[in-house]
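Trainee: A predicted structure for the sequence below; I have some questions about it.
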Amino acid sequence: MNIKPILAWSAGGLILATTALTAQGFGPRMGGGQLQGQAGFCAPMTRLLSLTEAQQANLKAIEGSHQASLDAKLKAAEIAREAMRGAMHDASVGDARIKELRLTLTGATTEVMLERRAMLREFEAILTPDQKAALENQRLQGGFGQGMGRGGGRGQGFRAGR
């Protein structure tokens with residue numbers, strides 16, 4: 001079974017969902033606001049993967065090395081989100097301006113996603129093969145988003161059969 005097309009479609013869906021939600025103006029504590037802080041990345045990884053003390057220190061160092069850049073990108077995304085939200089509610093704003101703001105917002109949220117992806121790639125480099133397998137299994141089950149916000153961050157009836 002070739003997993004690359006599945007991953008490509010999943011990544012595309014994630015990008016579309018993220019940009020659609022940002023345009024709707026979800027708040028800073030919904031859909032990932034927790035990842036702004038130090039504990040947002042370390043805690044789930046440490047619990048899931050049973051990291052050694054050295055791995056935990058490396059994870060915190062990786063997070064620390066990206067924190068300033070991530071904070072700046074999160075701030076830029078929030079500013080773009082607020083501008084988009086304001087424009088959507090202002091009848092005097094034309095469609096062309098909405099399109100411009102949308103492109104700015106998409107670019108800003110993409111930068112946040114790329115920074116987080118870079119952090120994860122660095123972190124994956126310090127994992128054992130068993131830990132990498134556990135991480136991949138978690139990805140296949142829906143990632144670390146479960147438990148964030150109300151309804152696990154996905155709405156109450158996301159899974160089939162509910």
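Mentor: Arrived safely, thanks for sending. Numbering: from 1, shown residues only.

Trainee: contacting residues for the closest residue to residue 69 other than its chain neighbours?
Mentor: Sequence neighbours aside, residue 115 is the residue nearest to residue 69 in space, at 5.8 Å (criterion: CB to CB, 6 or more residues apart in numbering). Quick note: C-beta positions are derived from backbone N, CA and C, even for glycine. By CB atoms under 8 Å, 6 or more residues apart in numbering, residue 115 lies in contact with 66, 69, 70, 73.

Trainee: so which of these comes closest to residue 128?
Mentor: residue 66 (22.3 Å; CB to CB).

Trainee: doesn't residue 121 make contact with that closest one?
Mentor: No. In this structure, residue 66 is not within contact of residue 121 by CB atoms under 8 Å, at 10.9 Å.

Trainee: Could you check which of the two is surrounded by more residues?
Mentor: When neighbours are counted by other CB atoms under 10 Å, residue 66 comes out ahead of the other of residue 66 and residue 121, with 17 against 10.

Trainee: Now that residue 62 has come up, it's in contact with residue 121, right?
Mentor: No. Contact criterion CB under 8 Å: residue 62 and residue 121 do not qualify, at 9.6 Å.

Trainee: so what's residue 152 scoring on pLDDT?
Mentor: Each residue has a pLDDT score; the one for residue 152 is 42.
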